[in-house]
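[1] Build me a model:
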Amino acid sequence: MTPMVTRQPLSRLPMPTCDDVRSRRTTSMDLTRLCLERIEALNPQINAFVALDPSALDQAADSDRRLARGEARSPIEGVPVAIKDNMLVRGLPATWGDRLFDAFMPEEDELPIRRLRAAGAVILGKTNTPPIASAGITDNDLFGPTRNPWDLSLTPGGSSGGSAAAVAAGLVPLGLGTDGGGSTRRPAAHTGIWGFKPSIGLIARGGGFPAILGDLEVVGPMARNLADLHALTSALAGPDPGDPSSRFLPAIPRSPVAPKGRLRIAVIEQIEEEPVDPSIRRLFRQAVERLGAAGHDLAPRQLPAPIATFNDAFTGMSRIGLALVARQYPRFREVSALAMRDVARQGEAMDGGAAMAVHEEIRRLRGLAGAWFTGFDLLLMPATAAQPWPIGQNHPPLIDGRPVGPRGHAIFTSWVNVIGHPSLAVPIGLDTTGLPVGMQIIGAFGADALVLEAGLLPVHG
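    This is a model prediction of the structure:
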């Protein structure tokens, strides 16, 4: 039976912020109880959470004691966080959305989770993801589909759709996803929240599932407002000896400050001839116009290389990565999703030279993009090419009346993962049906602080 459409109530529930906990306007215990009550009431409709941490209230009590003593560990002390189910949390199932891991219970946290605990955050539970976190929707054979809290008949996107839906529905203030091809930014746009893809190495990683997209995939913080997103990112960022790529990027301030002066801003409304939903284009243009009215220098651009070259590199990494999973876990060929097995077979058919060619092409594209970004401060483009589509469809078959393939909706995001730059998904308004639309603010490699600060620019409708 098709669920009843509920367009705004589930996405507009108020939620205390990190500052509310830090300033003691609410306690960690009260906030955690509120989250658990809402999950009990609303999660059966949304299906965002797939496991809850039984120690959540104990974690909150510990945080309240530290806060009462004035010993908060970070700006997210005592704030509940939802964790995407492709990250390892000790004592909680880690299924990666796939039957291959339906009985896996890790005994150790992976590195970003350890950093959350050190920051005093409350680990609330795990959120849904598609098989091997490798689809633009959030659905799997273990838990079924996650639904968009703006309209329960629609997807929140993927693969971090569980965390995005949980945050948007007011089940939790903060969410943690991963972003290998837009998996944080597109669900954030589809659910009207903020999502961040940091530069490679800003948030150290290690001790988790195999990195099937290599360093294209990064941890992606998500929140209902920019201040909370910034607080979560600052708590997670920083070098770690276990991740050599994390040693060279500048620190993130604890709170954003609006950029000063006139910025040089590049604008891409459409990539080549790829279709874009007209409502997205309309709201994107309005956001760009607001920046022009604020005095910033705006100039249209096109990517520094054909989009097909970026897409080919992304596809090559996907094939190599899933071939690695098939090699490490023999049961993959028996129990995992058929689509994932097909991609793995394509990767297994590649010889060593072909695999190295993918890595060399990524290296070339990163150099090209790095030089290109010296000509401006920030790049604006939509976060998605399509609005959310019905549950049960793997992707929208048409965009603006034109047929598209499985990644047509993701045309604006995967290329950013290939180059490794930071990108912030910002909500910019509602379309004529009342669904949210998001925009990306993209910066040079390592310019994460500027990208986050740019979220304060007047782009919102």
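[2] Where does pLDDT dip in the protein?
    1-9, 461 (pLDDT under 70).
[3] Go again with 90.
    For the chain, the stretches with pLDDT under 90 are 1-13, 247-260, 337-339, 460-461.
[4] now the helices: where do they sit in it?
    18-22, 28-46, 56-68, 111-118, 161-168, 185-191, 226-236, 278-293, 307-328, 332-335, 338-348, 352-372, 414-419, 448-453 (DSSP state H).
[5] nearest to V81, of the ones you listed?
    The minimum distance between V81 and those falls on helix 111-118, with 6.0 Å, by C-beta to C-beta. The C-beta positions use only the backbone N, C-alpha and C, and glycine is treated the same way.
[6] quick one on the thing from earlier: in CSV, list the helices of the chain along with distance to T384.
    Putting the helices of the chain into CSV (distance: least, C-beta to C-beta, whole Å) gives the following:
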stretch, distance to T384
helix 18-22, 27
helix 28-46, 20
helix 56-68, 32
helix 111-118, 25
helix 161-168, 12
helix 185-191, 5
helix 226-236, 18
helix 278-293, 7
helix 307-328, 15
helix 332-335, 30
helix 338-348, 21
helix 352-372, 21
helix 414-419, 12
helix 448-453, 18
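[7] Please name the residues that touch the residue minimising distance to the centre of the chain.
    In the chain, the centroid-proximal residue (C-alpha atoms, centre = their mean) is T184; its distance is 1.4 Å. By C-beta atoms under 8 Å, 6 or more residues apart in numbering, T184 lies in contact with S160, A164, G177, T178, G195, F196, K197, G220, P221, M222, A425.
[8] could the helices of the chain be laid out in a markdown table, adding mean neighbour count and distance to S246?
    Putting the helices of the chain into a markdown table (neighbours: other C-beta atoms under 10 Å; distance: least, C-beta to C-beta, whole Å) gives the following:
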| stretch | mean neighbour count | distance to S246 |
| --- | --- | --- |
| helix 18-22 | 21 | 23 |
| helix 28-46 | 19 | 28 |
| helix 56-68 | 18 | 26 |
| helix 111-118 | 20 | 9 |
| helix 161-168 | 36 | 22 |
| helix 185-191 | 35 | 21 |
| helix 226-236 | 25 | 11 |
| helix 278-293 | 17 | 32 |
| helix 307-328 | 20 | 20 |
| helix 332-335 | 15 | 29 |
| helix 338-348 | 17 | 27 |
| helix 352-372 | 15 | 17 |
| helix 414-419 | 25 | 17 |
| helix 448-453 | 24 | 12 |
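[9] The nearest residue to W150 once chain neighbours are set aside: how many residues sit nearby?
    Using C-beta to C-beta, 6 or more residues apart in numbering and skipping residues adjacent in sequence, the residue nearest W150 is S11, 4.7 Å away. Number of residues near S11 (other C-beta atoms under 10 Å) recorded here: 23.
[10] OK, contacts around the nearest residue to G392 once chain neighbours are set aside?
    Residue nearest to G392 in three dimensions, not counting chain neighbours: P145, with 7.5 Å by C-beta to C-beta, 6+ apart. By C-beta under 8 Å, 6+ apart, the contact list for P145 reads N47, I137, T138, D139, T155, I391, G392.
[11] let's see it at 10 Å
    Neighbour list for P145: 46-47, 128, 130, 137-139, 155-156, 158, 161, 391-392 [criterion: C-beta atoms under 10 Å, 6 or more residues apart in numbering].
[12] any idea which of those residues has the most stuff around it?
    Each of the contacts of P145 was scored for neighbours by other C-beta under 10 Å, and G161 scores highest at 37 neighbours.
[13] correct me, but it touches N128?
    Yes - between G161 and N128 there is a contact at 6.9 Å, judged by C-beta atoms under 10 Å.
[14] Please tell me I have it right and L174 contacts P80.
    Yes - the criterion here is C-beta under 10 Å, and L174 meets it with P80 at 7.0 Å.
[15] For the stretch 1-150 of the chain, just list every one of the strands.
    49-52, 80-84, 122-127 (DSSP state E, counting those that start in this stretch).
[16] Among those strands, which comes closest to E274?
    strand 80-84 (27.7 Å).
[17] how about the CA coordinates for the closest one, as CSV?
    What follows is strand 80-84, C-alpha atoms only, in CSV (Å, rounded to 0.1, in the frame of the first residue of the first chain):
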residue,chain,number,x,y,z
PRO,A,80,23.3,13.1,19.8
VAL,A,81,24.7,12.0,16.4
ALA,A,82,23.3,9.4,13.9
ILE,A,83,25.9,7.2,12.2
LYS,A,84,25.5,5.9,8.7
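[18] partners of it, with directions?
    With DSSP bridges as the test, strand 80-84 is paired with strand 122-127 (parallel), strand 174-179 (parallel).
[19] So which of those strands has the densest surroundings on average?
    Highest mean neighbour count of the strands paired with strand 80-84: strand 174-179, a mean of 30 (counted as mean count of other C-beta atoms under 10 Å).
[20] And that strand, how far out from the chain middle?
    A distance of 5 Å separates the C-alpha centroid of strand 174-179 from that of its chain, computed with C-alpha atoms, centre = their mean, to the nearest Å.
[21] Next, the angle helix 226-236 makes with it.
    Orientation check (axes from the mean of the first three to the mean of the last three C-alpha atoms, to 10 degrees): strand 174-179 against helix 226-236 gives 70 degrees.
[22] between strand 174-179 and helix 161-168, how many degrees?
    Between the axis of strand 174-179 and that of helix 161-168 there is an angle of 150 degrees, by the same axes, to 10 degrees.
[23] mind listing what F314 touches?
    180-181, 213, 216, 358, 362, 407, 410, 413-415, 417-418.
[24] give me that answer again for 7 Å
    G181, S414, N417, V418 (C-beta atoms under 7 Å, 6 or more residues apart in numbering).
[25] what do you get for D141?
    Listed by C-beta under 7 Å, 6+ apart, the contact partners of D141 are R99.
[26] I appreciate the help and will end here.
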